[in-house]
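>>> The following block contains a protein sequence and its predicted model.
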Amino acid sequence: MKGVPVKNFGQPTKRYVQILDIANDAELIRKYCHCHSQEAFWPEIAEQQREVGILEMEIYRRENHLVMIVETVADFDWDTAMAQLAAMPRQAEWEAFVAAYQGCDPSAKSDEKWQMCERIFHHYER
């Protein structure tokens, strides 16, 4: 198994981890993965995420289970940023587009679909 490089932003950051189960259908999973690929992802969505303070976002998959890791600026407020993001151009269109693969209500906002995780372990420094 190969590792994934971790970016150093040169500033304090926050990390959020969320989970979501998508439809357990091989073709839908393939399409969902494709729409998040570098060649198919909507660039304006990434730009808008950066505008609200999201530095990096990753999604990992195992079967139909997804884990999203979001790195943000240190003073990031999740609720405020998500409200700003929801009001930006094409964001509602993107959410409706991916909802077809997520098995969610197309009008559901991101935070209504993705469930926030609580960190229960950290490789503690001594």
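It's in.

>>> Okay, now the unreliable bits of this structure?
Scanning the chain with the threshold set as pLDDT under 70 gives 1.

>>> contacts for whichever helix in the chain runs longest?
In the chain, assigned by DSSP state H, the helix with the most residues is helix 91-102. With contact meaning CB atoms under 8 Å, 6 or more residues apart in numbering, helix 91-102 is reached by 20, 22-23, 28-29, 31-32, 35, 42, 45, 48, 85-86, 105-110, 113. From N, CA and C alone the C-beta is placed, and that goes for glycine too.

>>> How about stretch 12-32?
Residues outside stretch 12-32 that contact it (CB under 8 Å, 6+ apart): 55, 61, 63-74, 76, 78, 98, 100-103, 113-117, 119.

>>> related to what we said a few turns ago, from the contacts of helix 91-102, which would you call buried?
Leu20, Ile22, Leu28, Ile29, Tyr32, Ile45, Gln48, Leu85, Lys109, Ser110, Lys113 (16 or more other CB atoms under 10 Å).

>>> Around the nearest residue to Pro89 once chain neighbours are set aside, how many other residues sit close by?
Nearest residue to Pro89 in three dimensions, chain neighbours excluded: Glu44, at 7.1 Å (CB to CB, 6 or more residues apart in numbering). The local packing of Glu44 (other CB atoms under 10 Å) involves 14 other residues.
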